[in-house]
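Q: return a 3D structure for these sequence lines:
(2 chains)
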Amino acid sequence: MTVLAQADLRLDANAVDYILLALYFLLVLGIGYLARRRVSTSLDFFLSGRSLPAWVTGLAFISANLGAIEVMGMSANGAEYGMPTAHYFWIGAVPAMLFLGIVMMPFYYGSKVRSVPEFMLRRFGKGAHLLNGVSFALAQVLIAGANLFLLASVVNLLLGWPLWVSVIVAAVIVLSYTTLGGLSAAIYNEVLQFVVIVAALLPLTIVGLYKVGGWQGLVDKVSAGPGGPEQVNSWPGNQLTGFEDNFLSVLGLVFGLGFVLSFGYWTTNFVEVQRAMAAKSMSAARRTPIIGAFPKMLIPFIVIIPGMVAGVAVTELQGENKTALMAGESAPSGATFNDALLLLMRDLLPNGMLGIAIAGLLASFMAGMAANLSSFNTVFTYDIWQAYIRKDRPDDYYLRFGRFITIVATALAIGTAFIASTYSNLMDYLQQLFSFFNAPLFATFILGMFWRRMTPAAGWAGLASGTLAAVVVFILSETGVWVLPGQGAAFIGAGAAFVVDIVVSVAVTYVSAPKPAAQLTGLVYSLTPKETRQHSTTGEDAGWYRNPSLLAGIVLVVTIVLNIIF
Amino acid sequence: MTTKTSARSRFAVFDIRLVIALLMGVYGAVLTVMGAAVTSDADIERSAGVNINLWAGLAMLVVAALFVLWTLLRPLRVSAENTDSDTGTDSDTGTGTDQS
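A: Have a look, this model is predicted:
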């Protein structure tokens, strides 16, 4: 059964599709080559010499996140849960991105640290720094492997290449442009990837909606399906969280997903923050996540809606198949929700558009892996190698080392890709596990930024205990002590990590010695003069349309309107 | 070839907006031709009666044109501080008061 269903996923690509695909890869490598000519210092390589305009870093900011998990995972979620999936965007990502731009970016960019762990070093000293640096580097190699595996398995499904060939070819392409051009190449490619992803998914969405008779047709069909009418409204989203009770479900969404999980992810994950740090000025850095929030609000429409359409229009996913899959069993057709997008492409797109759709999917998976690699090499070089192993070498040593460690990381990712290939649902675990690292990190950050007394010892103790708390919740839900069928376990785990981190940090602070205030200028809110938190409003930063707060206000209003409509 | 010229012009050669315009332009042209001449009625029937190749192709051509227009109207200007790679970090952040 499964073999049959797998074979059905083979798309009917012809020469035109391959040419369109090849053109895209040619441009990707070309960008790597062109960006290389601008790399002369390690700062060029790791932070693009802090020279990029805000719209570029803004698009890269969301494109770095628009990887396999996002595109395949969110369309799968759309097929399974319907509109509540949009919470990941409207309650989850957008408010956190605004918070990063308005409140936190002045500290990141203003203190001129080169990475998130380096901020930990300046604020809390070596314990928290090393803990954060090592766990981040480890996480990136594992996630890069998972992204690589997903990339290769799609190549394998679509084009029929053997899995190991797909893994190595995909790894070599990503490696070649990230080692050549460093972060600039990764960021410019992310912008291009964003364009291709939209060019692939928007037509698919439009055709899909035509297929089911427009929005009203989709609403009618989804309401009549196994998920019921609940799936066409985003609130209260009981199926998504796994809570029966509406109030608990809303609470879980707002506090767990919205506050801790998403704020943790978007504001402390160096993969994201690095893109903003590459901006050319304080104003551009603050605008980066806010500009990114505009397209981010609209991505649900081209990711979730195709998923919902697939759930009612694709033979393998509708009716009894959806009922079986929602109950956690395998469908009679052998398909899974993860196949939603591929099946829809197979059913609807003619040659030509099909090639672009494949390019879009591959682009999205490469974006994820390149983002992992380019943030890994920065943290490993600056925060582990330069800080603890080989200090005080000339700058070009670290530039060469950065290129070298990127190659090592890719080799490791090929290894972790094969580990990933042995698990059927590794993505779920990865997403949960690494959100656990981010939730305590966010707690430590927010406390450290606003509470000047917080001590170095509290920094690392809070981080360690917060992570531990999240792992405990994870184990409890895995072993069946708590049963949360949806994605509620991750929300609770994040909440627990946050609370435990805060409590431990406060307790440890009162029994240990704080850092002298003079060392915390620019790192703590109350010790940073107001003018250093401001950005310039002249020259290229002038004009009302470049005002971060105003842009953030517009995003906020639109998001609230979207929440009310859906 | 151009490595002897200053950092200023080296940067100006590379404008991501033109790369996007190139990609969208070629994609748009190919899709438009496909949609107008090649895509069979059966294919159009399959995609719910929409000639998606033609429409997406035309839309991509428009996007390509807009990116070219943007590049022409607001060409890249590289300020002197930014080409100076050593001081690129503290050129125009507007802070300048590190540890005051």
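Q: where does the chain dip in pLDDT?
A: By default, I'm working from chain A. A:1-10, A:226-249, A:251-253, A:255-260, A:319-322, A:324-335, A:422-435, A:480-488, A:527-545 (pLDDT under 70).
Q: chain B was what I was after
A: Using pLDDT under 70, chain B drops low at B:1-14, B:76-100.
Q: let's go with 80 and repeat that
A: B:1-15, B:38-50, B:74-100 (pLDDT under 80).
Q: longest helix anywhere in it?
A: Selection of the longest helix in chain B by residue count, based on DSSP state H, yields helix B:52-73.
Q: other SSEs contacting that one?
A: Helix B:52-73 sits against helix A:163-211, helix A:353-378, helix B:16-33, with contacts defined as 3 or more CB pairs under 8 Å, 6 or more residues apart in numbering or on different chains; DSSP states H and E. Using the backbone N, CA and C atoms, a C-beta is placed for each residue, glycine as well.
Q: relative to B:Trp70, which of the ones you listed is closest?
A: helix B:16-33 (5.9 Å; CB to CB).
Q: quick revisit: which of the helices and strands packed on helix B:52-73 is buried the deepest?
A: Of all these, helix A:353-378 has the most neighbours on average by mean count of other CB atoms under 10 Å in any protein chain shown, namely a mean of 28.
Q: roughly how far out does that one sit from the chain middle?
A: Relative to the mean C-alpha coordinate of its chain, helix A:353-378 is positioned 12 Å out (CA atoms, centre = their mean, to the nearest Å).
Q: CSV for the helices and strands packed on helix B:52-73, including distance to A:Ala276?
A: CSV is the format used below for those (distance: least, CB to CB, whole Å):
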stretch, distance to A:Ala276
helix A:163-211, 11
helix A:353-378, 12
helix B:16-33, 17
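Q: how about those helices, which one is nearest A:Asn14?
A: Nearest of the helices and strands packed on helix B:52-73 (CB to CB): helix A:353-378, 8.4 Å.
Q: now the element after that closest one, going C-ward?
A: helix A:395-420 (DSSP states H and E).
Q: near chain B, anything from that following helix?
A: No: figure legend: helix A:395-420 not in contact with chain B (CB under 8 Å from any CB of the partner chain); closest approach 9.5 Å.
Q: measure how far that helix is from the centre of its chain, please.
A: How far helix A:395-420 lies from its chain's middle: 20 Å, per CA atoms, centre = their mean.
Q: also stretch A:201-218?
A: Worked out by CA atoms, centre = their mean, stretch A:201-218 lies 26 Å from the chain centre.
Q: can it be said to contact chain B?
A: Yes: shown here: stretch A:201-218 in contact with chain B (CB under 8 Å from any CB) through A:202-203, A:206-207, A:210-211.
Q: what helix or strand does the most centrally placed residue in chain A sit in?
A: Centroid-nearest residue in chain A, with CA atoms, centre = their mean: A:Asn65, separated by 3.1 Å. Remark: A:Asn65 resides in no helix or strand, with elements defined by DSSP H and E.
Q: so who does it touch?
A: A:93, A:271-272, A:368, A:371 (CB atoms under 8 Å, 6 or more residues apart in numbering or on different chains).
Q: take the residues you listed and lay them out in TSV including distance to A:Val312.
A: Shown next, in TSV, are the contacts of A:Asn65 (distance: CB to CB, whole Å):
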residue	distance to A:Val312
A:Ala93	26
A:Val271	35
A:Glu272	34
A:Gly368	28
A:Ala371	33
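Q: so which of the residues you listed comes closest to chain B?
A: Closest to chain B out of those is A:Ala371 (16.7 Å), distances taken as CB to the nearest CB.
Q: and for the closest one, nearest residue in space, chain neighbours not counted?
A: Spatial nearest neighbour of A:Ala371, excluding adjacent residues (CB to CB, 6 or more residues apart in numbering or on different chains): A:Ala64 at 3.7 Å.
Q: which residues touch residue 57?
A: I'll assume chain A. A:Thr57 makes contact with A:187, A:275-276, A:278-279, A:284-285, A:288 under the criterion CB under 8 Å, 6+ apart.
Q: you looked at the wrong chain, it should be chain B
A: B:Gly57 neighbours (CB under 8 Å, 6+ apart): A:352, B:27-35.
Q: now for those residues: which two are most distant?
A: B:Tyr27 and B:Gly35 (12.0 Å).
Q: picking up where we left off before, looking at the helices and strands packed on helix B:52-73, which is nearest to A:Gln386?
A: helix A:353-378 (10.6 Å).
Q: quick check: the residue nearest to A:Ala371 vs A:Thr410, distance?
A: Shown here: A:Ala64 relative to A:Thr410, a distance of 17 Å by CB to CB, to the nearest Å.
Q: from what I see, the residue nearest to A:Ala371 and A:Gly368 are in contact.
A: Yes: contact status for A:Ala64 versus A:Gly368: in contact at 7.4 Å, counting by CB atoms under 8 Å.
Q: now the closest residue to A:Ser421 other than its chain neighbours: which helix or strand?
A: Among residues not flanking A:Ser421 along the chain, A:Phe149 sits closest, at 5.4 Å (CB to CB, 6+ apart). Taking DSSP H and E as the criterion, A:Phe149 maps to helix A:126-159.
Q: elements contacting that helix?
A: On a contact count with 3+ CB pairs under 8 Å, 6+ apart, helix A:126-159 meets helix A:68, helix A:116-124, helix A:163-211, helix A:340-348, helix A:353-378, helix A:395-420, helix A:426-450, helix A:456-478.
Q: and those helices as JSON lines, adding distance to A:Ser75?
A: Listed next are the helices and strands packed on helix A:126-159 as JSON lines, based on distance: least, CB to CB, whole Å:
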{"stretch": "helix A:68", "distance to A:Ser75": "11"}
{"stretch": "helix A:116-124", "distance to A:Ser75": "30"}
{"stretch": "helix A:163-211", "distance to A:Ser75": "9"}
{"stretch": "helix A:340-348", "distance to A:Ser75": "5"}
{"stretch": "helix A:353-378", "distance to A:Ser75": "11"}
{"stretch": "helix A:395-420", "distance to A:Ser75": "20"}
{"stretch": "helix A:426-450", "distance to A:Ser75": "13"}
{"stretch": "helix A:456-478", "distance to A:Ser75": "25"}
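Q: B:Leu18: which of those is closest?
A: Comparing the helices and strands packed on helix A:126-159 under CB to CB, the one sitting nearest is helix A:163-211, at 11.3 Å.
Q: now the angle from the closest one to helix A:353-378?
A: 130 degrees (axes from the mean of the first three to the mean of the last three CA atoms, to 10 degrees).
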